[in-house]
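*Asks:* Could you work out the structure for the sequence below:
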Amino acid sequence: MKLIYRLFSFVILVAAFGLQHTQAQTEQEIQAELQQALDNFAKSYQSLPETKNKEAVLSFFSENATSNIFVFNITGRSRVTLPSGSVRDFAGYLERIVRSSKIELTYDIQKVKYTYLSPKIATLVYVVSYETKEEDGIWVKGKETVTMALEKRAQDWKVVHYTIMQVEDEKLKGTCLCELFLSEVRGGEVVAKTTIPSGRNYETKFDNFEMRMVGKEQRITVGSNQFARKANNELVALEAEGEKKIGIVENDKETVLAIIKDYLYKDSCARLKARTN
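*Replies:* Numbers count the residues shown, from 1 in each chain. Below you'll find the predicted structure:
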């Protein structure tokens, strides 16, 4: 009887060890599946501007997936994107990328920081280094911390919820803010206060626009730069090599804004928001 008991106990121990080993192998297989899915997602998303295959990116998400996306810009201010937090909003964002003629994306998964694994559900926390260059010149670099909840459906893992904390490290070109102090009469002076992105922060520039009429042309002096607004409203920069066309303007305000956006700070301003005092 003791021999039978010992034999039975040995069988139980062997079975338990075998079960634990099988479970460990199963977790390794799950880990490999999730890593492959994550790599495929990153590849599909980064190549979207070339492939235009929005459905390939959306195939990693459940049709009812939800999201929270927070963005901290280089000033430390935060905003929430994707208004309703649904996959439809994300699909709309992908559609804008597809329709853009010139945009470059870099989406480099640096490290998976945490995983919770089971045969049917999993959570991942990973860090991404991203870079976006858009067709209008906006260029942003930063880091994302992403949390994903996934469910195993048939043979595929589907994202059912994701949270993104995006932090801008550098903004080399973006939206500039301009505050204008206009003279009451044409031919006077204009002072412009312009805030421009400059890497890890914003810089504020002050420029004084001196305007006077020379015959039928309006001459504009900004520091050491000279400009002319001709009788046909063509605005040009008067450079040592000759005239450089900037654009067509209708009034003093348009003249100042065109010089700021398309000449003085063209390497920093993809868009310009203006306010007149």
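*Asks:* which residues of the protein fall in strands?
*Replies:* Along the chain, counting by DSSP state E, strands occupy 61-72, 78-81, 104-117, 121-133, 139-153, 156-181, 189-198, 201-214, 217-222, 225-229, 234-239, 242-248, 269-276.
*Asks:* Just send those back as CSV, with mean pLDDT and distance to Asn40 too.
*Replies:* C-betas here are computed from N, CA, C, even on glycine. Listed next are the strands of the chain as CSV, based on pLDDT from 0 to 100; distance: least, Cβ to Cβ, whole Å:
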stretch, mean pLDDT, distance to Asn40
strand 61-72, 89, 13
strand 78-81, 74, 24
strand 104-117, 89, 11
strand 121-133, 91, 14
strand 139-153, 91, 13
strand 156-181, 87, 10
strand 189-198, 88, 33
strand 201-214, 90, 37
strand 217-222, 94, 52
strand 225-229, 96, 51
strand 234-239, 95, 49
strand 242-248, 94, 45
strand 269-276, 86, 32
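*Asks:* now for the ones you listed, which one comes closest to Ala91?
*Replies:* Ala91 sits nearest to strand 61-72 of all the strands of the chain, at 8.9 Å, using Cβ to Cβ.
*Asks:* Nearest to Lys43, out of the strands of the chain?
*Replies:* Closest approach to Lys43 among those is made by strand 104-117 (8.7 Å; Cβ to Cβ).
*Asks:* Can you give the contact residues for the closest one?
*Replies:* With contacts defined as Cβ atoms under 8 Å, 6 or more residues apart in numbering, strand 104-117 is touched by 27, 30-31, 34-35, 38-39, 42, 45-46, 48-49, 97, 122-133.
*Asks:* In that strand, which residues are buried?
*Replies:* Using 16 or more other Cβ atoms under 10 Å as the test for burial, strand 104-117 gives Leu105, Tyr107, Ile109, Leu117.
*Asks:* hmm, which of the contacts of strand 104-117 are the buried ones?
*Replies:* With burial judged by 16+ other Cβ under 10 Å, the buried subset of the contacts of strand 104-117 is 30, 34, 38, 42, 45-46, 48-49, 97, 122, 124, 126, 128, 130-131, 133.
*Asks:* Going by distance to Val190, which of the residues you listed wins?
*Replies:* Nearest to Val190 among the buried ones among the contacts of strand 104-117: Lys133, at 32.6 Å, using Cβ to Cβ.
*Asks:* quick one: the nearest residue to the closest one once chain neighbours are set aside and Phe206, what's the gap?
*Replies:* Of all residues not flanking Lys133 in the chain, Glu104 sits nearest, at 4.2 Å (Cβ to Cβ, 6 or more residues apart in numbering). Glu104 sits 34 Å away from Phe206, going by Cβ to Cβ, to the nearest Å.
*Asks:* Likewise for Val159?
*Replies:* Applying Cβ to Cβ, the value for Val159 to Phe206 is 48 Å.
*Asks:* Glu33 now?
*Replies:* From Glu33 to Phe206 the distance is 57 Å (Cβ to Cβ).
*Asks:* likewise Val167?
*Replies:* To Phe206, Val167 is 30 Å away according to Cβ to Cβ.
*Asks:* ok, the two, which is more surrounded?
*Replies:* Ranked by neighbour count (other Cβ atoms under 10 Å), Val167 and Phe206 place Val167 first, with 15 against 9.
*Asks:* Which residue is the nearest non-sequential neighbour of the more buried one?
*Replies:* Leaving aside its chain neighbours, Val167 sits nearest to Phe72 (4.8 Å; criterion: Cβ to Cβ, 6+ apart).
*Asks:* List the residues that contact the one you found.
*Replies:* Counting by Cβ under 8 Å, 6+ apart, Phe72 makes contact with Ser78, Met165, Gln166, Val167, Glu168.
*Asks:* got it, and Arg275?
*Replies:* Neighbouring residues of Arg275 by Cβ under 8 Å, 6+ apart: Leu177, Cys178, Glu179, Leu180.
*Asks:* For it, name its beta-bridge partners.
*Replies:* Per DSSP bridges, the residues bridged to Arg275 are Glu179.
*Asks:* do Met165 as well
*Replies:* Under DSSP bridges, the beta-bridge partners of Met165 are Phe70, Thr145.
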